[in-house]
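[1] With the sequence up front, the predicted model follows.
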Amino acid sequence: AGSIEEQLKARFDPREYRLDIRRAPLLAAKVAEDPGQEAGTPGRWLLMLLNHHLVGDATTTQAMIGEVAAHLAGEAADLPAPPPFRDYVAQARLGRNVESDEVFFRDLLGTVSEPTLPYGLSDVQGDGGDIDEAVLPVAPGLEGRLRVQARRFGVSAASLFHLAWGRVLGGLSGRDDVVFGTVLLGRHGGMAEQALGMFINTLPLRLDLAVPVAEAVREAQRRLAGLLVHEHASLALAQRCSGVEAPLPLFSALLNYRHSAVGEVENGDEMPASGSFGMELLDGEERTNYPLTLSVDDRGEVGFSLTVQAVRPLEADRIGGYMQATLSSLVTALESAPEQPVRSLEILPPAERQLLLEDWNATEASYPSEQCIHELFEAQVQRSPEAVALVHGDETLSYGALNARANQLAHYLRELGVGPDDRVAICAERSLAMVVGLLGVLKAGGAYVPLDPEYPAERVAYMLEDSAPVAVLVHGDVPTLATGDCPVIALDDSAPW
């Protein structure tokens, strides 16, 4: 009944099919025979491998598939004995100095009082169900320039990518002091690549975007090196050392920098060699609980690629474009303006910058500049008196009705002595009546002085005294105004006009 591959994916979609974390193993292999849909199409067997990050990481998956290949090649006897995961647990627990971890993270995060939340996203306990994903290569020319500058400043390429991601998050959260999570491999200290288990850890990296880029890349390198010393510390401990109190997260965005061999695919899955022993990798997928994740795959001479995962309605491709633009801006600054502050790096791609600054602001239109605005309005009244001019909530006013009410107010204001160069103050909530008031003042020949009802009383009193209005128009919930002898006119049905 259709594609066997698609049916297998749908039947065991991790968004619907969940591994029971109460029972070992947190690994499941689902197999289906695909006899081939058309005559002459060879049959095949499909394997869907599900595993939870509680028990494995990308290196673990790679090692397991490598062992499968060794068995198929008849080389199982040559496989080294994998170190037990319990040895790693013991080493991590016995080798940890909790007091040293606390000192490090208090020094790093002690003055952080607000979380870094791009787009205001604060839910870091999502299930990865509604994710938009985009994979974008880093242009070869830019890749080469990044590596040249990394060598020039004595830092890793990873430091440049972390700094660029920090700038993107700073732009998306409106902050110059950013914190985000970085994924640590966790296999240092003698742990072999053959060890199976979950070794990775996520810890916070803090970056200052107000400093020059040259200083910032070196500081990023220094702080990443510091995290390696404390890579087995818990994220909960790190957050307790900051000024951000639970349940608010310290950050909601993540960066995973991965050194990937040629032949690996994004999401950290790998076949030992494409097509080995009749095996072919069809697809791979990885999810985290974070709403915004960037994975950088460093393939050495082959180049870099970016994988962005963003909770909808965010667009992963758009955020990836921000990262690419920032990398380009960063490397240009390192080449020619290393004293430029990080926060001034451009994050908008040229097309989006053109759209925001040029296209959407191309609002020029020809109009009879010798006429006043209320005269242009009256010309529109003549053309379409029954058309709707104003909408506010459930209320509407046609051009004809709006003009009639504004004319009534204008006549009344003239009776009060309003004329050219006279001022009329308006203190009104946003409403139809507010627009009636503005037009009425202009038709009377005066100028209006807007008073925000939410201004402090002292500021309103100063503006009234300074502008010396002939009258004050009010509407809605406005404060008591100290107007002296100046008449106060209500813009409602009880108005005398």
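    Good, I have the coordinates. Numbering: from 1, shown residues only.

[2] in stretch 78-96, what's buried?
    If you call a residue buried by 16 or more other C-beta atoms under 10 Å, then stretch 78-96 has these buried ones: P82, P83, F85, Y88, A92. All C-beta spots, glycine's among them, are computed from the backbone N, C-alpha and C.

[3] what's the least confident helix or strand in this protein, going by average pLDDT?
    Here the helix or strand of the chain ranked lowest by mean pLDDT, DSSP states H and E is helix 85-94, holding a mean of 81.

[4] what's the following helix or strand after that one?
    helix 98-109 (DSSP states H and E).

[5] Give me the below-cutoff pLDDT ranges for this structure.
    Scanning the chain for pLDDT under 70 picks out 37-40, 188-193, 261-277, 493-497.

[6] can you give me the strands for the stretch 251-400 of the chain?
    For the stretch 251-400 of the chain, the strands defined by DSSP state E, counting those that start in this stretch occupy 253-259, 292-298, 304-311, 388-392, 395-398.

[7] any chance of those strands in CSV, plus distance to S242 and mean neighbour count?
    Output for these, formatted as CSV (distance: least, C-beta to C-beta, whole Å; neighbours: other C-beta atoms under 10 Å):
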stretch, distance to S242, mean neighbour count
strand 253-259, 16, 21
strand 292-298, 19, 24
strand 304-311, 24, 23
strand 388-392, 45, 14
strand 395-398, 49, 14
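
[8] do you know which of these lies nearest G144?
    strand 304-311 (10.6 Å; C-beta to C-beta).

[9] now the angle from that closest one to strand 253-259?
    Angle, strand 304-311 to strand 253-259, by axes from the mean of the first three to the mean of the last three C-alpha atoms, to 10 degrees: 150 degrees.

[10] tell me which residues of the host helix or strand of L228 are tucked away?
    Using DSSP H and E, L228 sits within helix 213-229. Of all the residues in helix 213-229, those buried under the rule 16+ other C-beta under 10 Å are V213, A214, A216, V217, R218, E219, A220, Q221, R223, L224, G226, L227.

[11] dump the residue contacts of the fifth one.
    So the one you mean is R218. The neighbours of R218, taking C-beta atoms under 8 Å, 6 or more residues apart in numbering as the test, are F153, G154, V155.

[12] cool, and the fourth one?
    For V217, the residues meeting the contact criterion (C-beta under 8 Å, 6+ apart) are F153, V155, S159, L160, L163, L334.

[13] Now with 10 Å, please.
    Residues in contact with V217 (C-beta atoms under 10 Å, 6 or more residues apart in numbering) are 149-150, 152-156, 159-160, 162-164, 330, 333-334, 338, 342.

[14] ok, now how distant is it from L136?
    Counting by C-beta to C-beta, to the nearest Å, the gap from V217 to L136 is 22 Å.

[15] same deal with the first one?
    Taken as C-beta to C-beta, the spacing of V213 relative to L136 amounts to 22 Å.

[16] and if you look at the last one?
    Using C-beta to C-beta, we find L227 at a distance of 26 Å from L136.

[17] Now stretch 95-114: buried residues?
    D101, E102, F104, F105, L108, L109, V112.

[18] start to end distance for it?
    From its first residue to its last, stretch 95-114 covers 32 Å (C-alpha to C-alpha, to the nearest Å).

[19] Now do the helix holding L228 against strand 253-259, angle only.
    Between helix 213-229 and strand 253-259, the angle comes out at 80 degrees (the same axes, to 10 degrees).

[20] After helix 213-229, which helix or strand is next? Please name it.
    helix 235-240.

[21] who touches that following helix?
    The contact list for helix 235-240 (C-beta under 10 Å, 6+ apart) reads 98, 101-102, 104-106, 108-109, 112, 115, 179, 181, 201-204, 227, 230, 234, 245-246, 248-251.

[22] Now find how far off-centre that helix is within its chain.
    23 Å (C-alpha atoms, centre = their mean, to the nearest Å).

[23] Now do the contacts for the spatially most central residue of the chain.
    In the chain, the centroid-proximal residue (C-alpha atoms, centre = their mean) is P118; its distance is 4.0 Å. By C-beta under 10 Å, 6+ apart, the contact list for P118 reads 168-175, 178, 180, 251-253, 291-292, 310, 314, 319.

[24] Quick check: buried residues in the biggest helix by length in the chain?
    Identified as the longest helix of the chain according to DSSP state H is helix 316-336. By 16+ other C-beta under 10 Å, the buried positions in helix 316-336 come out as 316, 319-334.
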